[in-house]
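**Q** need a structure here:
(one chain, ligands or ions: 1)
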Amino acid sequence: MTVKQFQAESKRLLDLMVNSIYTHKEIFLRELISNASDAIDKIYYKALTDESIDFIKDNYYIKLQIDKENRLLTISDTGIGMTKEEMEENLGVIAKSGSFAFKSEHEIKDGFDIIGQFGVGFYSSFMVSDIVTVISKAFGSEEAYKWESKGAEGYTIEACTKETVGTDIILKIKESSDDENYDEYLEEYRIKSIIKKYSDFIRYPIKMDITKTKPREGTETEFEEYKEEEIVNSQVPIWKKNKSELTQEDYENFYAEKHYGFDKPIKYIHISAEGTISYKAILFIPENMPYDFYTKDYEKGLELYSNGVLIMSKCGDLLPDYFSFVKGMVDSEDLSLNISREMLQQDRQLKLIAKNIKTKIKNELEELLKNNRDGYEKFYQSFGRQLKYGIYSDFGANKEVLEDLLMFYSSQEKKLTTLSEYVSRMPEDQKYIYYGAGESIERIEKLPQTEVVTDKGYEILYFTDDVDEFAIRMLRTYKEKEFKSISSGDLGIDEDDKNQSSQVNEQEHQELFEEITNILAGKVKIVRASKRLKNHPVCLANDGDLSIEMEKILRAMPNHENIKADKILEININHRVFQSLKEASQSDKEKLRLYTELLYNQALLIEGLSVQDPVEFSNNICKIMV
Ligand SMILES: Nc1ncnc2c1ncn2[C@@H]1O[C@H](COP(=O)(O)OP(=O)(O)OP(=O)(O)O)[C@@H](O)[C@H]1O
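**A** Numbers count the residues shown, from 1 in each chain. Just a heads-up that it's a prediction; the model follows:
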């Protein structure tokens, strides 16, 4: 028996392979099972094109056996096998793929799932094995051969006996070290779970002898172990089945089996796309928010399969951030994989799929909103905030995708409403979409600023999420209607509204307002007569782009402590309190200062801002009580 040398490049390549291409050692099993599946596919293909071959499906399978004592893991298949020459060519030359050649030779295009293309996967077995032995009998041949290698040193080939056509790959699993546990590859449960993870949807049965226990005969309390052969893979992936064959329950079971979530999904989306790019996908909109959803630990992404073999557990590029709550998988034959199958070589196809998926999700959410309002509202309670972040991020680039999915609590409807519904209810003379921002519905409802807007019969949207106002600033308009905060300097409500303007004569009190503005110098930009207050004495309004709510949110962030909105103190000159201010201004300047400070602090409290000096504030209250 002569020992043949790997070519020099092959040696280097093998070293590279074993040490650097793959991130996870466990993928060796995926590679060997994929090879076994390819080998069966080849026989199947031959049977289709050669009438003399009978392909009886039950005769084709992959079998895994563990011999713990001798540290052997065997992967056998009943596929096409290899001749001596094929062993030389395919296992002796790294980066030579017999499978790729087979596909090209037979001009196999669609409908076949042959996985191998690079001619390297087999060598990943050296990541976990000291010796790899391949015993194979090729289809149509009487002889069998044994290929054996300890890695970079080279390989031997010799004749041997093997009864049936097919291949056995026997791995002598490495001893565990301090850094690496190899023993796990001799554990049934571990092997089973690796198969489930990567190779669950290989089209042929993957069999294993599974250890079970039963009561020993004649006893009730003693148990004995026995082995029973089981098929461990699901074979036909649900996404390859016809939608009409599947029930809601099938999808829900798939969601649970895949551990996409512990809840029941609100909606599933089954896509079977053909065209520029072919792919299948099953996507889910969860009902409940994962506990870590709004933390940096949450990782978005869909499972990515190529021909039923798992490539990536979380492919983030398939989902935009604003749809990061979507769970599910994508399977495509058209992906250009890189050599380790852990990444994609170029992302053109992936981009196309992602674009497609994005549109699909948007449409399905719109459909949910239209036909299952309760379901949509449940979804929105969990993930609405993410949609709003989506509007805000990327400088509003995604607003068109998302604007119709938004909902806010409505002052009129007393429940969530969409922007489209709001606009459809707007009276003809209403120019703006009004909103009030605050920490809760109850708080906004009580804001003095709401009075004039609601009295006009205009609806107000309540913004209770941090992100709301920021998102709306990005959106700017909806159906050409501008958004307007009820706290903004100019409300855009008709100036000549008789009830208001006739009573507002700012000129008359010009001096007093200047005096009050001076008292509050540095705290507010200006003090003026209010056109919006009816029953309340004071409120704050804001001037400029930064609202008071935004100031609150930004200030809570690091390095933003000095951010300040331009505030306007508005005083209701029809309120009794204004009379007191006037009198104080004429008779007692100290009293005017006291009243002004009190009113300013009241306005701060109403807005949900803290008073600057609570002790002084309470002392001031005492002063007017005694
Ligand atoms: N179980 C098997 N039965 C028959 N032929 C096999 C088997 N395993 C490997 N081969 C042959 O060896 C070749 C090399 O296998 P290897 O896993 O290195 O690459 P590949 O499967 O072709 O490509 P990839 O690197 O993309 O997996 C295969 O193309 C195939 O021709």
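
**Q** What residues sit buried inside stretch 433-452?
**A** By neighbour count on 16 or more other Cβ atoms under 10 Å, the buried set for stretch 433-452 is 433-438, 443-445, 447-452. Using the backbone N, CA and C atoms, a C-beta is placed for each residue, glycine as well.

**Q** Okay, and which of those residues map to strands?
**A** In strands, judged by DSSP state E, the following of the buried residues of stretch 433-452 are found: Ile433, Tyr434, Tyr435, Gly436, Ala437.

**Q** looking at this, Glu51 is in a helix?
**A** No: checked against DSSP: H, G, I helix; E, B strand; the rest coil, Glu51 lies outside a helix; its state is coil.

**Q** Can you report how many residues lie near it?
**A** Residues lying near Glu51 (other Cβ atoms under 10 Å) number 7.

**Q** Check it and give its pLDDT.
**A** If you check Glu51, the pLDDT there is 80.

**Q** How about Asp494?
**A** 62.

**Q** What of Gly316?
**A** As predicted, Gly316 sits at a pLDDT of 93.

**Q** Thought Lys214 was touching Glu222, still the case?
**A** No: using Cβ atoms under 8 Å, Glu222 is not in contact with Lys214; the gap is 10.2 Å.

**Q** Not counting residues beside it along the chain, what's closest to Arg443?
**A** Gly608 (6.4 Å; Cβ to Cβ, 6 or more residues apart in numbering).

**Q** and if you look at Tyr380?
**A** Per Cβ to Cβ, 6+ apart, closest to Tyr380 is Met407, 5.4 Å.

**Q** looking at it, that neighbour is touching Gly384, isn't it?
**A** Yes: Met407 lies in contact with Gly384 (Cβ under 8 Å); the separation is 6.4 Å.

**Q** and the gap between the closest residue to the ligand within the stretch 101-250 of the chain and Tyr45?
**A** Proximity to the ligand, evaluated over the stretch 101-250 of the chain using Cβ to the nearest ligand atom, is greatest for Gly116 at 2.3 Å. Distance, Gly116 to Tyr45, by Cβ to Cβ, to the nearest Å: 14 Å.

**Q** Report the two of the ones in strands among the buried residues of stretch 433-452 separated the most.
**A** Using Cβ to Cβ, the two most remote members of those are Ile433 and Ala437, lying 13.3 Å apart.

**Q** which non-adjacent residue is nearest the residue of the stretch 101-250 of the chain closest to the ligand?
**A** Nearest residue to Gly116, sequence neighbours excluded (Cβ to Cβ, 6+ apart): Ser99, at 3.2 Å.

**Q** what helix or strand is that neighbour on?
**A** Assigned by DSSP states H and E, Ser99 belongs to helix 98-105.

**Q** I'd like to know which elements that helix is packed against.
**A** helix 27-49 (3 or more Cβ pairs under 8 Å, 6 or more residues apart in numbering; DSSP states H and E).

**Q** Check which residues of the helix it packs on are buried.
**A** In helix 27-49, counting by 16+ other Cβ under 10 Å, buried: 27-46.

**Q** about what we covered before: now the angle between helix 27-49 and the helix holding Ser99, please.
**A** 30 degrees (axes from the mean of the first three to the mean of the last three Cα atoms, to 10 degrees).

**Q** partners of the next helix or strand after helix 98-105, with directions?
**A** Downstream of helix 98-105, the first helix or strand assigned by DSSP H and E is strand 129-137. Strand 129-137 has its sheet partners listed here by DSSP bridges as strand 144-151 (antiparallel), strand 166-173 (antiparallel).

**Q** Flag every buried residue along the helix or strand just after the first one.
**A** Downstream of strand 144-151, the next assigned helix or strand under DSSP H and E is strand 154-160. Counting neighbours by 16+ other Cβ under 10 Å, one finds that the buried residues in strand 154-160 are Tyr155, Ile157.

**Q** tell me the most buried of the strands paired with strand 129-137?
**A** strand 166-173 (a mean of 23; mean count of other Cβ atoms under 10 Å).

**Q** State the mean pLDDT of it.
**A** Mean per-residue pLDDT for strand 166-173: 98.

**Q** any chance of the strands paired with strand 129-137 in CSV, plus distance to the ligand?
**A** Output for these, formatted as CSV (distance: least, Cβ to the nearest ligand atom, whole Å):
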stretch, distance to the ligand
strand 144-151, 10
strand 166-173, 4
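
**Q** For Ser488, give me the pLDDT.
**A** 83.

**Q** my bad, Glu9
**A** Looking at Glu9, the pLDDT reads 62.

**Q** same thing with Arg216?
**A** pLDDT, Arg216: 88.

**Q** Would you check that my belief about it contacting Glu225 is correct?
**A** No: taking contacts as Cβ under 8 Å, Arg216 lies outside contact range of Glu225: 10.1 Å.

**Q** ok, the two, which is more surrounded?
**A** Arg216 (11 against 8).

**Q** how about the residues of this structure near the ligand?
**A** Contact residues (Cβ under 6 Å from any ligand atom) of the chain with the ligand: 31, 35-36, 39, 77, 79-82, 90-91, 97-100, 116-123, 167.

**Q** wait, Ser382 sits on Met289?
**A** Yes: if you go by Cβ under 8 Å, Ser382 and Met289 touch, sitting 4.0 Å apart.

**Q** quick revisit: so what touches the helix holding Ser99?
**A** Helix 98-105 is contacted from outside by 35, 38, 42, 82, 86, 89-90, 108, 112, 114-119, using Cβ atoms under 8 Å, 6 or more residues apart in numbering.
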